[in-house]
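Student: Provided below are the primary sequence and the corresponding predicted coordinates.
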Amino acid sequence: MKIGIIGIGNMGSSIAKGLLGQNELYLSNRGSNLEFFKDKEVYIMGNRKVVENSDYIILAVKPNYYKEVIDEIKDLLENKVFISIAAGFTLEKLENLLGSDKKIVMTMPNTPASVGCGMSILCPNSNVSDDEFSNVLEIFSSFGKAIKIDENQFDAASIVNGCLPAFVDLFIEGLSDGAVFCGLKRDISYKLILQTIIGSAKLMEESGEHPGLLKDKVTSPKGTTIEGVKALEENNFRAGLIKAVEASFNKAKNM
Ligand SMILES: NC(=O)C1=CN([C@@H]2O[C@H](COP(=O)(O)OP(=O)(O)OC[C@H]3O[C@@H](n4cnc5c(N)ncnc54)[C@H](OP(=O)(O)O)[C@@H]3O)[C@@H](O)[C@H]2O)C=CC1
Ligand SMILES: O=C(O)[C@@H]1CCC=N1
């Protein structure tokens, strides 16, 4: 496939790395982030040339630059598939900027894409054919898992997807601080916490068991875990998470 990526920062470079080797890749970036790709099999050029050469164009600049870049390239998008990865850009907003006749897929990947372990959600507008959408699914599957999401579910899903890595990072950092407070060395704490989070997620995925049931299996009567669970509940752990998702959701709706 001929794929163009405009904006090679955190997400653009993660996506480009996942696509290296199997596709014709056209990249453009305003700054100097392209060092990694200099000796790779990619074509580096300006934004308009990227669009001219590609069939699928991923716009990976920050949301506040979206309009500026769209204005620069939109006359070149006839019969090409435009792929958004920006927070807060609905299909309606994108159609207003690009034209309602354009083929548009709104997506939300996340940063684990950089290690081939991303989770992406995708939603096409009605101009995108089934074959074109399969190709976009294939593109996003090359750096993790990718699924189609209904438009009315997209905003909520995009928070769980796009923002969650930062919430998980805070969770890990806080646990590590707790462990260090109790005397554990920092580097050992991160090793234990990371493997335990990966393992807990895998256990839940493979067993299909409800998180409450898995939690019950760890908490012995009068044991150590239930003490920690009580402390988390007293400090509104779950309410805090609900509020975090709600706050990000409201921000995305008002961008
Ligand atoms: N970070 C994340 O966790 C996620 C981000 N996203 C979305 O991905 C998009 C990119 O975010 P992120 O990768 O974090 O941002 P970055 O700032 O890391 O990357 C954006 C890149 O685009 C370049 N750029 C800016 N303007 C132009 C232009 N006119 N032409 C070409 N390149 C340009 C920037 O160059 P310079 O540095 O010179 O400005 C920068 O290298 C956003 O829309 C965001 O909402 C989606 C999912 C997760
Ligand atoms: O907050 C942000 O800008 C990006 C969008 C989704 C996740 N992070």
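Tutor: Ah, there it is. Numbers count the residues shown, from 1 in each chain. Ligands and ions are numbered 1, 2, ... in the order given.
Student: Identify all contacting residues around the worst-scoring helix or strand of the chain on mean pLDDT.
Tutor: Ranking every helix and strand in the chain by mean pLDDT, DSSP states H and E puts helix 10-19 at the bottom, with a mean of 92. Residues outside helix 10-19 that contact it (C-beta atoms under 8 Å, 6 or more residues apart in numbering): 3, 5-6, 8, 25, 27, 29, 33, 36-37, 42, 58, 60-61, 85, 109, 111, 113-114, 116, 118, 139, 142-144. Every residue, glycine included, has its C-beta placed from N, CA and C.
Student: are any of the residues you listed buried, and which?
Tutor: 3, 5-6, 8, 25, 27, 29, 37, 42, 58, 60-61, 85, 109, 111, 113-114, 118, 139, 142-144 (16 or more other C-beta atoms under 10 Å).
Student: In helices, which of the residues you listed fall?
Tutor: Ile139 (DSSP state H).
Student: Which entries in the buried ones among the contacts of helix 10-19 are shared with the contacts of ligand 1?
Tutor: Ile6, Ile8, Asn29, Ala60, Val61, Ile85, Pro109, Thr111 (C-beta under 6 Å from any ligand atom).
Student: These: which two are farthest apart?
Tutor: Largest separation among those by C-beta to C-beta: Ile6 and Thr111, giving 18.7 Å.
Student: from the chain's centre, how far out does the lengthiest helix in the chain sit?
Tutor: Selection of the longest helix in the chain by residue count, based on DSSP H, yields helix 186-207. Put simply, helix 186-207 sits 21 Å off its chain's centre (C-alpha atoms, centre = their mean, to the nearest Å).
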